[in-house]
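[1] fold the following for me, if possible:
(one chain, ligands or ions: 3)
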Amino acid sequence: MTGRRGALIILEGVDRAGKTTQSTKLVQALQDRGHPAEMMKFPDRTTKIGQMISSYLVKATNLEDHTVHLLFSANRWELVPLMKEKLEKGISLVVDRYAFSGVAFTSAKPGFTLEWCKSPDVGLPKPDLVLFLQLSPAEAAQRETFGNERYERADFQKTVLQRFNQLMTDPTLNWQVIDAARTIEELHKDILRHSEVAIEQAATQPLKEL
Ligand code: DGP
Ligand code: NA
Ligand code: NA
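    Ligands and ions are numbered 1, 2, ... in the order given. Below is the predicted model of the structure:
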């Protein structure tokens, strides 16, 4: 009775790259083409842990940097049983941010190594595809101005981008870099093409772990 499993597809990138718009369009397009698909996003601000993270991001509370890193990771872990259940049922998950944001954002702070930042996420379901929406700091600056949330500063985002570039050298992951300076429709076409390939490949492969 083992049917096809769904694919775990992640969208990553610096803030303002268009991840949320593209995740929404991708889920719709996959469903229209007969691939069961659902959207998720991290941080998931609806859980108790997610509410602590949200309060930190809107600067209503301050949390120590290691502590908040572990909370972001815990927020991913608390959704793992649900993610596995859906993937096993054949539903592909399109996820707006994952462990890579966790590592890139925390390791952009002084005093954090990539290795320390990666460790709490070891064992999470491994993505079948990581789409990196690439936007240079200059291009990002031409978009709407940043909001008031923590991390929404050009200098910090520049360091985050450097960290993402380091993470992309991992050959055990299927990273695909998408030029996010193009139109919404152009990006969408590329993203859909990579996703359909990943869905076909995932169907015959066991889900691995980070
Ligand atoms: P979003 O809701 O996608 O705008 O994400 C909120 C902010 O939190 C955004 O600046 C990216 C950052 N972020 C996302 N995941 C993590 C994480 O795991 N750790 C840290 N430190 N920051 C994260
Ligand atoms: Na944001
Ligand atoms: Na977003």
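
[2] tell me how many other residues crowd residue 60.
    Per other CB atoms under 10 Å, the neighbour tally for residue 60 reads 8. For the C-beta atoms, the positions are set from N, CA and C on the backbone; glycine is no exception.

[3] least confident secondary structure element in this protein?
    Using mean pLDDT, DSSP states H and E, the weakest-scoring helix or strand in the chain turns out to be helix 137-142, at a mean of 81.

[4] show me what the helix or strand following it is packed up against.
    Counting by DSSP states H and E, the next helix or strand C-terminal to helix 137-142 is helix 154-167. When contacts are defined as 3 or more CB pairs under 8 Å, 6 or more residues apart in numbering; DSSP states H and E, helix 154-167 packs onto helix 99-107, helix 114-118, helix 137-142.

[5] any idea which helix is longest in the protein?
    helix 184-202 (DSSP state H).

[6] what sits up against that helix?
    4-9, 11, 18, 21-22, 25-26, 29-30, 33, 35, 92, 94, 128-129, 131, 133, 174, 176, 178-180 (CB atoms under 8 Å, 6 or more residues apart in numbering).

[7] whichever of these end up buried, select them in ChimeraX.
    Typed into ChimeraX, the next command selects the buried ones out of the contacts of helix 184-202 (criterion: 16 or more other CB atoms under 10 Å):
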select :5,6,7,8,9,11,18,22,25,26,29,30,35,92,94,128,129,131,133,174,176,178,180
